[in-house]
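pasting the sequence and the predicted coordinates here, then a few questions.
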Amino acid sequence: MRKYGFKLFSSNLRTAPQLIDECANYASARDDMFIELMVVPDSTDNDLHVLKKRMQNVEVRIHAPHNTMGFDAGNRELVKQNQNLLALAQKAADIFNAKTIVVHAGCGRGQKYVEETARQFKLFNDKRIVVENLPCSASNGDILHGNTPQEIEFIMRESGCGFCFDFSHAICAAVGLKLDMEKQFADFFAMKPNVYHMCDGVIASGEDTHMHFGDGDYPLKRLLQTLTDENAYITMETGKGVMQHDDMWVKDYNYLRSFVAEGNR
């Protein structure tokens, strides 16, 4: 059974506390839902325990801080800072008994940066880590690696981590680097992802816009039906800015479920 996840941030305790309760209540009433929690750097132990209490009836997966929050595994000079940021995500994973921690590949393009990310992931030595493939650049302009199946496979092989397949990032990388998109899809899927990230967008733009499902032209039906396995965990990374209520995410959830139901007929 595929499971679908709302994407919450630990900072929602302050920015949208009602959203946490709405998502937790909705997800806890369904056996095919989970929550992916992005742990932001200023989260306290108390924050994590409060979140645990409010989401106690829901399976939770963890996302570690990324480059816009100071984490860059491609930078050798940031090893200690990266370890400290990851430690917060690891603590959250311990509290929630999470099976996976999504961690971005780092910044910089070229083999030396890929090798540094692999080296640091090996130092982290946590089997819960799954590396996420990335677009060519981040929202703050940072150049990123982990754009291709070959780079992600290298990081996995060298460090022993799992894989988070982000469809939008794969599309953006294929457009930006002029790669064969279908081969990107097939090769990433062959790597047996542990987690998936999904949103909508406009293919030609090459931008990761996190549109709600149905607002763009991504081939969502085909991606879901042919490039996720039956036991996939699929985080719905839709919507920009701070959501205040879960209504649009509920629509996104039902949108994806309709494809699965259609495929089963």
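Here it is on my side, so go on.

only C-alpha atoms from now on, for both contacts and neighbour counts.
Will do.

how about the residue lying closest to residue 39 once chain neighbours are set aside, phi and psi?
Excluding its sequence neighbours, the residue lying closest to residue 39 (Cα to Cα, 6 or more residues apart in numbering) is residue 10, at 5.2 Å. The phi and psi torsions at residue 10 (degrees, to the nearest 10) take the values phi -60, psi -30.

heads up, I number from 674, so please use that
Sure, I'll start counting at 674 from here, so that last one is residue 683.

my guess is residue 683 contacts residue 711, does it?
Yes: when contacts are counted by Cα atoms under 8 Å, residue 683 is listed as touching residue 711 (6.2 Å).

need the contact list for residue 867.
Contacts of residue 867 were listed using Cα atoms under 8 Å, 6 or more residues apart in numbering, and they are 803, 835, 836, 837, 838, 905, 906.

rebuild the residues you listed as TSV, extending it with neighbour count.
Shown next, in TSV, are the contacts of residue 867 (neighbours: other Cα atoms under 10 Å):
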residue	neighbour count
803	26
835	26
836	26
837	29
838	29
905	18
906	25
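
please flag which of those residues sit within strands.
Secondary structure defined by DSSP state E assigns 803, 835, 836, 837, 838, 906 of the contacts of residue 867 to strands.

who's the third one bridged to?
In this case it means residue 836. Counting by DSSP bridges, residue 836 forms beta bridges with residue 804.

that one is in contact with residue 803, isn't it?
Yes: contact criterion Cα under 8 Å: residue 836 and residue 803 qualify, at 4.5 Å.

between those two, which contacts overlap?
Counting by Cα under 8 Å, 6+ apart, the residues touching both residue 836 and residue 803 are 867, 868.

contacts only, for the nearest residue in space to residue 882 that is not next to it in sequence.
Taking Cα to Cα, 6+ apart as the measure, residue 882 lies nearest to residue 874, with 5.8 Å between them; neighbours along the chain are not counted. The neighbours of residue 874, taking Cα under 8 Å, 6+ apart as the test, are 841, 880, 881, 882, 883, 884, 888, 889, 890, 891.
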